[in-house]
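[1] Return atomic coordinates for the entry below.
(one chain, ligands or ions: 1)
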Amino acid sequence: MAHQFHSFDTGSTLAESLADRVANVLSAAVAARGEATLAVSGGSTPKAFFEALSTRPIDWPKVKVTLVDERFVPEDNPRSNHLLVKTHLLKNAAAAAEFVPLYRPEATIEEAAVTASGIVPGMGQAFDVAILGMGTDGHTASFFPGGDHLNAALDLTLPRRVMTMEAPGAGEARLTLSFSALQDAGLLVVHIEGAEKKAVLDQALSGTDEAEMPIRAVLERAATTPEIYWAP
Ligand code: 6PG
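    Here you go, the predicted model:
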């Protein structure tokens, strides 16, 4: 499977290097088109990268930021990825970025997904940058093993959109970008840290069953060669 592997001695050197890389790609997009789009993941891994990126001298008012996935909870919920991004990324220079949440205060998550699909960036054309994480069960975004809409989420014949996902390992119901909306990002990163996730990645690379380990869709079928950023 084609991928690039970038290994770092520490999480903080990874965070600084990834922030530089993402900043360069976003700045090039702003220079070329007058705007740039960035989709980021939640979880605990990206915090240091968010802090580093927030200080980079990008033309942030021209950058639209959204999430790869989100729990169906409002922004003040401690498990909200919006809250995580607000706390760690939308500060310093990056406070001027436009953040477009996936969460919408609709009566149902299905309505929220439809509304979000019409608003979030990256639905009309590829994201400039998408940063994915990975769980030790082989999920990425909210493409969970056993997810109720996993097949549709990974189907590249279906349009870019925001979808709903429920799965035994997911906790709350989730909103997630479809694989079709992520797989052709100009820069497609899988950011993982720790020996356990490296072992999970190696396991993913050694097989092909996407229902068992949905991260395999990214590693096998993404139009853009994924770049794995790893530190112990
Ligand atoms: C989320 C995610 C998810 C995450 C992985 C890794 O909001 O939970 O977007 O896909 O990237 O679960 O999470 P950790 O970084 O906490 O291990």
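[2] show me what contacts Gly133?
    Counting by Cβ atoms under 8 Å, 6 or more residues apart in numbering, Gly133 touches 41-43, 45-46, 68, 140, 190-192. (Each C-beta comes from the backbone N, C-alpha and C, glycine too.)
[3] With pLDDT and distance to the ligand as new columns, can those residues be given to me in CSV?
    What follows is those, written out as CSV (pLDDT from 0 to 100; distance: Cβ to the nearest ligand atom, whole Å):
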residue, pLDDT, distance to the ligand
Ser41, 98, 4
Gly42, 96, 3
Gly43, 93, 2
Thr45, 97, 3
Pro46, 98, 7
Val68, 98, 5
Thr140, 98, 6
Val190, 98, 9
His191, 98, 8
Ile192, 98, 8
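[4] for those residues, which one is nearest Ser80?
    Ser80 has its nearest neighbour among those in Gly42, at 8.2 Å by Cβ to Cβ.
[5] Straight-line length of stretch 138-153, end to end?
    Stretch 138-153 has an end-to-end distance of 15 Å (Cα to Cα, to the nearest Å).
[6] Beyond the biggest strand by length in the chain, next helix or strand please.
    The residue-count maximum for a strand in the chain (DSSP state E) belongs to strand 187-193. Beyond strand 187-193 on the C-terminal side, the first helix or strand identified by DSSP states H and E is helix 195-205.
[7] Dig out what the spatially closest residue to Phe99 that is not a sequence neighbour forms beta bridges with.
    Excluding the flanking residues, the one nearest Phe99 by Cβ to Cβ, 6 or more residues apart in numbering is Val65, at 5.0 Å. In this entry, Val65 is beta-bridged to Leu38, Phe99, by DSSP bridges.
[8] where do the helices sit along the chain?
    11-33, 47-54, 81-88, 109-117, 150-153, 179-182, 195-205, 215-221 (DSSP state H).
[9] ranking those helices by burial, who's on top?
    Neighbour counts (mean count of other Cβ atoms under 10 Å) averaged over each of the helices of the chain peak at helix 179-182, with a mean of 26.
[10] how far is that helix from where the chain is centred?
    10 Å (Cα atoms, centre = their mean, to the nearest Å).
[11] Pipe the contacts of Gly133 into TSV and attach distance to His88 and neighbour count per row.
    Formatted as TSV, the contacts of Gly133 follow (distance: Cβ to Cβ, whole Å; neighbours: other Cβ atoms under 10 Å):
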residue	distance to His88	neighbour count
Ser41	12	24
Gly42	10	22
Gly43	12	14
Thr45	11	21
Pro46	8	24
Val68	15	26
Thr140	20	27
Val190	19	25
His191	14	25
Ile192	18	23
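[12] now these in TSV, with distance to Gly171?
    Listed next are the contacts of Gly133 as TSV, based on distance: Cβ to Cβ, whole Å:
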residue	distance to Gly171
Ser41	15
Gly42	12
Gly43	12
Thr45	17
Pro46	18
Val68	16
Thr140	16
Val190	22
His191	21
Ile192	20
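[13] what sits against Trp60?
    93-97.
[14] Excluding covalently adjacent residues, which one is nearest to it?
    Here the residue nearest Trp60, using Cβ to Cβ, 6+ apart, is Ala96, at 4.0 Å.
[15] so where's this structure uncertain?
    Low-confidence regions of the chain, defined by pLDDT under 70, span residues 1.
[16] near the ligand, which residues of it show up?
    Applying Cβ under 6 Å from any ligand atom, one finds that the chain approaches the ligand through 41-45, 68-69, 81, 133-135, 139-141.
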